[in-house]
Structure formats: C-alpha cells, structure tokens
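Chemist: what follows is a predicted structure for the sequence shown.
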Amino acid sequence: MEKIGRLPTSRIGQAGEHLVCYLFHMWNYNIHQTLDPTCVYDFAVERGGVWKTLQVKHTTTKWARIKKHDDAKHYEDGDFDYLCACTFPYVYIVPFKKLKSMTSFAFTKYPEYKWDLNDSETYNIRPNIM
C-alpha cells in the first residue's frame, strides 16, 4: 500500500491539532503545517505578514505532558512562540515566555489564556498573538 502524507504520532494528538486548526481558521489566520514530523513546532500561523509558530498538546486529563516527541528533552526558548494545550472543549494559547514549567502543563494555572469552543463569543473575539 502506498503511503499518503505523514502518519500522526497519536490519535489524541491529532485531535488537538484539528481543534487548533479549526480555531485559528475561524479567526482568519493562515495555517501552515510542517512537513517534518520531527520539527519542534506543529504549525506556523500567519496574519498580516507576521508569522508565529505553535506547538500543540492534547489530553483528556487535567494536565498535559510537555516534551519533544518521544525523547526526554525539554523545549527551549525559540522552539515555538505559543503552546496550544487542548482539553475539549477548551484550547489554551499560552506564549512560550509565560510557561511556568517545561515538563507539564496544568490547565488551572492559565485561565487568562483559555478559549471555550462551545462559547460563540470565542469566534468573535480574536486574540492578537502577534
């Protein structure tokens, strides 16, 4: 069988990526997915000629593990601009410099960066992530 495209590393991770793409498309950002599965970010978004990179993590629990792929290395400043942490129906869009930990993401520590996909106002108020 011929391979078409890249395989996701996990179905949960892929679900989070789809949620983030949906949200940024609704906010009229152009989204570009990296073709390299080992890249330190998942997407680059563009609006008004300004580009930012996003790393997406998704979980069904109250916290998410933050690490590079399947190894134990932690992300470093410059690897990406924003962490998008998803736990449906919420997407958290946190600037890298605001992250309090490089190993885990506790959703309760970032209420100001929370977007509710079930709230229609979420789609009317676009954050300026530039």
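Modeler: Yep, it's here.

Chemist: so who does the residue nearest to P127 when sequence neighbours are not counted touch?
Modeler: Of all residues not flanking P127 in the chain, I93 sits nearest, at 6.4 Å (C-beta to C-beta, 6 or more residues apart in numbering). Using the backbone N, CA and C atoms, a C-beta is placed for each residue, glycine as well. When contacts are counted by C-beta atoms under 8 Å, 6 or more residues apart in numbering, I93 touches L54, Y82, L83, C84, Y113, W115, P127, I129.

Chemist: neighbours around the fourth one, how many?
Modeler: Using other C-beta atoms under 10 Å, C84 is surrounded by 26 other residues.

Chemist: if any of the contacts of I93 are buried, put those into a PyMOL selection.
Modeler: In PyMOL, this line selects whichever of the contacts of I93 come out buried by 16 or more other C-beta atoms under 10 Å:
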select buried, resi 54+82+83+84+113+115+129
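
Chemist: least trustworthy helix or strand in this structure by mean pLDDT?
Modeler: Within the chain, no helix or strand scores below strand 63-65, which has a mean of 62 by mean pLDDT, DSSP states H and E.
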